[in-house]
Each structure stands twice: as structure tokens, then as C-alpha cells.
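[1] Build the 3D model from these lines:
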Amino acid sequence: MTATASESIPAGSTPAERRPLMSGTALLMMNLGFFGVQFSFGLTQSAVNPLFLLIGADPDQLPILNLAGPVTGLIIQPLIGAISDRTWHPRWGRRRPFITAGALLCAVILFLFPFVGILWLAVICFWLLDAGNNTSMEPYRAFISDRLPKSQLARGFLTQSMFTGAGAVLANLSLFILQKVSALQQEAGNGVPYWMYVCFMIGTVCILLTVLTAMARTKELTPSDEDLAEMRNAPKGLHHAVAEIADAVRTMPVAMHKIGVVFLFQWYAMFIYWQFLAVSLGETVFGANPEDGGPAWDAAIGWSGLQNAAYNFVTMVSALFLVGFARRIGAKRVHAVALGLAALSLVWLARIDNQYAALVPMIGVGIFWASAVGVPYLMVASMVPAKRTGVYMGILNMMIVVPMLIQTVTFGWIYEHWLDAKGSNAILLAGVLLGIGAIAMLWVNPPDEADESPIVPLGGKRSITVYDRVVVGSDGTPTSLYAVDRAAEVAQAAQARLVVVTAYRDGEPTDTAESAHRDVYGVDAARAALARSVTGLTQERVRYIEQRLVAGDPAQALLDTVGANPANLIVVGNRGLGASEGQLLGSVPAGVVRHAVCDVLVVQTSALDEDRLFHQPANGSSDGEALHDPPQVH
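    Next comes the predicted model:
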């Protein structure tokens, strides 16, 4: 058996722009900054609303005071995404300047926030803090998609979810633990206890240390000359960034629209939860309210931090499993189940009167949060063009903040007039809305095959799925390109991964007989042949195709690629692969058919009249443009 060595190349790339595999340590380092960013975000979830109440806000004012989050997310994230897609600096890269700038702004505001004793100044700080969070978060998610090959994309977003959970755990645990330190119980002149000062100081150090370390240790990949030229020639300015967002919305996959329907209920509910968790616990568990304050109310604030720490800890653990479940049964079902668990958990939490029992529902909330912060982003990253990842991540965030914006301008009235101004009723309503979101997720039909994500499918495997992978060999000749075309059609119909393999031999050619199979010699010639084989297939969906250069025998290269998996399919052409005059099969397809453990599709390329199909003018015209390539499949 001939030994083969393979080199995987991301689809649509040239040697200069290939995305190398990252080691486990490097991948962890790249995602480290999410820890600090999420610590900052965790403080906005758990500490800012209690701080507002401490300096004089009323509970029914909380929704409108939280307007900063959705507005800054709606404006900043898609704009930053569109601008960063068109940015490149030889030293600083594409995404890193925005990630770093947002982190620095967050650090400054976190340091200043607890010193503020006037409500309107605190609101301004909140707006600036959310602006910094949004400036960092969206390019950071796009940074992962830019940097990783598709084989590591799921692992990258999984690692992000783990660091996101860890940062939120520390943020909320610090609220709970520091609130118990007697030396920090005293209040400053603005009415804010010293333990809250310490929480914000820890956040300042965390975001600076983790984000700056991650950005210093992780370099971005230099775009190709073609991409750099496109960036330089792209129109600049705010107007063009807005136009880019509008165009992306018009052309985004149907699956993203379906995600937006579910997000309408999901994020309205979660904004209620974050705003009124402490108020609800104060009513049902501690017998306290923000108007009266006192130690019991401080205990409710601290316990709400522990509640959030608990669900984020569950998120860290459950994130290890959700991606695998999503691949197996479909992200639609996984996210629907997660929403249902969270709905039941919040309905139960609204009626619990024991502080320790109140921790149990956080299991369901944590499983939901692992799905919410990982699965949708991975789906979007795998279904949109790589060059527009930044703007589409921003659009996904718009789908999050629009429900939040609606909540901030409507829920204050609902809280006062429909919910009897009770935090427990607010949490109950949040649970009901999450339940509606779960039903909506089940109601949404899977998208058309053209819009389905091959990495994390929305609907899971369908009944027509026959093959896991379709493997086709190509040496760049017109007949092999025809075989590649047929393989792409089969892969699309079967919802399978297409793998294009080009085998080559080292040294110089030794047999130039016309009837013999002419191997590809040298890695450079093989790269060129492989590039010709996939050029037409990678223009729209660059992540759908896997490419392999293999040193060795062509037939053995195909056999080694499929391995022992009978659910794969090998596609070969019968002509141009060693077939002498009168033979039905050449040496390569004959060897594949003889030894394969999976199905083999032999394309009848011998029926092609190459001179007429590939070299003569099209449509019988004597002066028309020659048809040099076979029909392309996207």
C-alpha cells in the first residue's frame, strides 16, 4: 500500500493566506480576552442596576435606565463590524484595534463608576461602559472566525463560551463574597458600599490584563493581495458602512431571519431577568425592597450575584456538550429545549421562598445561556461569506438589542400597571416569554438547503441525507473539473461535505505516453491544479469545501481520505485517469473501485468531446468567447 501525506488547505485560499491550525494553548490564549470583557458585562448585569437603586432610582425606572445597552448595541456593533471588515493595518491588523480600544474604554469607566453619586452621571457612565463592551465584543467574535480554519471553528466558539461563563462567574461571585466582608460594609459618601468599589476595581484589572495579553499574543492573518486591494478600493465613511449593513440585511440567509423571530421573545425575557432578579429575591426570599434598603436588601443584591454566578458556572460545563448535540439533532431542537428549560426555571424561581432552593433553577438557566452565547454565533459564522463575518455578527447583535430596546420603553408601564409592581411577577413573565420562544423555535421550519449551515445545521440531519462526505479527485484537467462539478451536485443534494483531493508525486515525470495517466509532479503544480478545481465552487460559500493536497498515489489518496467510513462517497472520472483506448476505466478509478469500502461514483467523462466543449466558441459562434470551464455548481 502506497503511503500518502496530506496537507489540508482552507477553501478559497491561496498558499499565502491559508489558515494554519492553532495549538490548544494558542486557542486558549486567543479567547482569554473574553474573560475580561464578560467580567465587565457581568457587572452591568448584576451590579449596575443595584447601584442605580442605591443612588436614588425607583424600580419602575430600571427599564428606561437600561436603554444604553440596546441602543449602543444596535448602533455600534453593526457599524464596527462593517468598518472592521474593511480595515487592515500591517502592525495592528483588522479586528485588534477595535477590541483593544473598547477594552480600554471599559477599564476607565469601570474604575470611575462607583465614585459617581448622581443618577444622571451614573447613566452616562453606563452608556460609555456599554459602548466599550460593544466595541470589543463584536470584532472579537469576528476575530475568531477570521483566525481559525473551519475544522477548529466549533472549538473556537466553544472556548469563547467557556471564558464567557468564567468571566461572568467571577463577576457575580465577587459581588456575593465581597458583600460578606465586614471591613467593606461601610458606605462611601455617595451611598455606595465599599465592597461594590472593590468589585469594579477587580473588573478594571481583569479586562485590561486579559484583553491586552490576548491581543499581544495572537496575530491576525494577513489578507491576500486581492483582499487588500478590495479593502483599499472600498468606499470609506459612515454612509458607506450603513449601506453595507443594509445590503447585508437584504441578502442574509433565511436562517438568520428565523433566528430573529426567536430572539424577539428570548432577549426581551432576559432583559427582564437581569433587571428584576434582585427585586424578586428581595420580595420572595429576604423580605426586603430597594425603597427601604438596609442589610436585607444588601443580602438580596449579593445573593442575586451568586444566582448569576451559578448559572454561568453551569454554562461553562454544559458548553462542552451542546455543540455536539446541535450537530447530532440540529441547533433548532437544542436551542428549543434550552429555552424550555429556562422557561420552567424562571417560573419556578418566581415562587421559591428559600435562598438555597433558589439556586436550583439556575441549572436550567445555565444550560440555556450556554446555547444562547454559542450556538447562534457558530451557526452564523458557518453560513455567511467569510469576508462579511464582521457585519453579519453585528446584524445578529441587532436582533438581540431590538427586543431589549422594546423592553426598555414598554416594560416600565407593564411593571406598574399589569404586574402590580412586583419583581416576582416580572420574573414569572420572563419565564412565560422564554416558553413562547421555545415554541417559536420548534415552529420555525429548517431553511432551504442553500441556506443551511454545514457546521451546526439548524434542522439536523434530514431523511434524504445519504453521505457524510463526497470525496472527488482532480488534477485540474477539463475532464476532472467535470467530475468535480458532478461531485458538488451530489454533495449539495445529500447535504454532505465536499472534499476535493489533488495527488502529486515528487520529482520529474518519467512517462509521457499519450495513453498513460499523467500524474501531477511537484507541490506547486498540485496547488495550481487544486486552485483551478475549486475556483468556481468557493465564490459564494467558502466554508463548505475542504481541499487536500496529498503526496502519493492518486487512487490511494482518495482511499485514505475516506478511510473506513462507509457513509462516504468517492467520485472519479473514467477518462483522463489512466484509461487506454478501449478501456472502460483508467488505473485510478479501477483501483478505487477495487479497494473502496464505500460507494464509488464513476463520471462518464469519456463521453465528452473536449475540443468542442472546452475549447471551441460557445453556441456554435465562430467569434464567441470560448467556454474554458465546465458548468459551475454553487
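[2] Could you report the neighbour count for the nearest residue to residue 97 once chain neighbours are set aside?
    In space, and not counting its chain neighbours, residue 97 is closest to residue 89: 6.8 Å by Cβ to Cβ, 6 or more residues apart in numbering. The way it works is simple: take the backbone N, C-alpha and C, and place the C-beta from them, glycine included. For residue 89, the neighbour count with other Cβ atoms under 10 Å is 10.
[3] From residue 20, how far off is residue 89?
    Residue 89 sits at a distance of 21 Å from residue 20 (criterion: Cβ to Cβ, to the nearest Å).
[4] swap in residue 337?
    As for residue 337, its distance to residue 20 is 36 Å (criterion: Cβ to Cβ).
[5] neighbour count winner among those two?
    The neighbour comparison of residue 337 against residue 20 (other Cβ under 10 Å) goes to residue 337, with 19 against 12.
[6] Need the pLDDT of the residue nearest to the more buried one when sequence neighbours are not counted.
    Distances taken as Cβ to Cβ, 6+ apart put residue 438 closest to residue 337, at 7.6 Å, once the chain neighbours are dropped. Among the per-residue scores, residue 438 shows a pLDDT of 95.
[7] Report the contact partners of residue 438.
    Counting by Cβ atoms under 8 Å, 6 or more residues apart in numbering, residue 438 touches 336, 337, 339, 340, 343.
[8] Scan these and report the most crowded one.
    Greatest neighbour count in the contacts of residue 438, by other Cβ under 10 Å, goes to residue 339: 29 neighbours.
[9] thought residue 433 was touching residue 264?
    No. Distance between residue 433 and residue 264: 9.1 Å, which falls outside the contact criterion (Cβ atoms under 8 Å).
[10] who has more neighbours, the two?
    Under the criterion of other Cβ under 10 Å, the comparison of residue 433 against residue 264 puts residue 433 first, with 24 against 18.
[11] what's near enough to touch the more buried one?
    Taking Cβ under 8 Å, 6+ apart as the criterion, residue 433 is in contact with 265, 266, 268, 269, 272, 343.
[12] got it, and residue 347?
    Counting by Cβ under 8 Å, 6+ apart, the residues that residue 347 touches are 428, 431, 432, 435.
[13] Tell me how many other residues crowd the closest residue to residue 297 other than its chain neighbours.
    The shortest distance from residue 297 to any residue other than its chain neighbours is 4.2 Å, reached at residue 288 (Cβ to Cβ, 6+ apart). Other residues near residue 288 number 21, with proximity taken as other Cβ under 10 Å.
[14] Just say helix, strand or coil for residue 288.
    Assigned by DSSP: H, G, I helix; E, B strand; the rest coil, the conformation of residue 288 is coil.
[15] Would you check that it makes contact with residue 302?
    No. Shown here, residue 288 and residue 302 do not form a contact pair, counting by Cβ under 8 Å, at 11.5 Å.
[16] which helices and strands does the helix or strand hosting residue 177 pack with?
    Assignment of secondary structure by DSSP states H and E places residue 177 within helix 153-178. With contacts defined as 3 or more Cβ pairs under 8 Å, 6 or more residues apart in numbering; DSSP states H and E, the packing partners of helix 153-178 are helix 24-31, helix 33-46, helix 119-147, helix 194-217, helix 294-329, helix 362-383.
[17] buried ones in that helix?
    Applying a neighbour-count criterion of 16 or more other Cβ atoms under 10 Å, the buried positions in helix 153-178 are 153-176, 178.
[18] angle of it against helix 362-383?
    Orientation note: helix 153-178 sits at an angle of 150 degrees relative to helix 362-383 (axes from the mean of the first three to the mean of the last three Cα atoms, to 10 degrees).
[19] avg pLDDT for helix 153-178?
    The average pLDDT for helix 153-178 rounds to 81.
[20] Tell me where the model's unsure across the stretch 451-600 of the chain.
    451-458, 460-466, 493-495, 509-518, 536-544, 575-585 (pLDDT under 70).
[21] Now do the strands in it.
    In order along the chain, the stretch 451-600 of the chain carries the following strands (DSSP state E, counting those that start in this stretch): 469-473, 497-504, 545-551, 569-573, 599-603.
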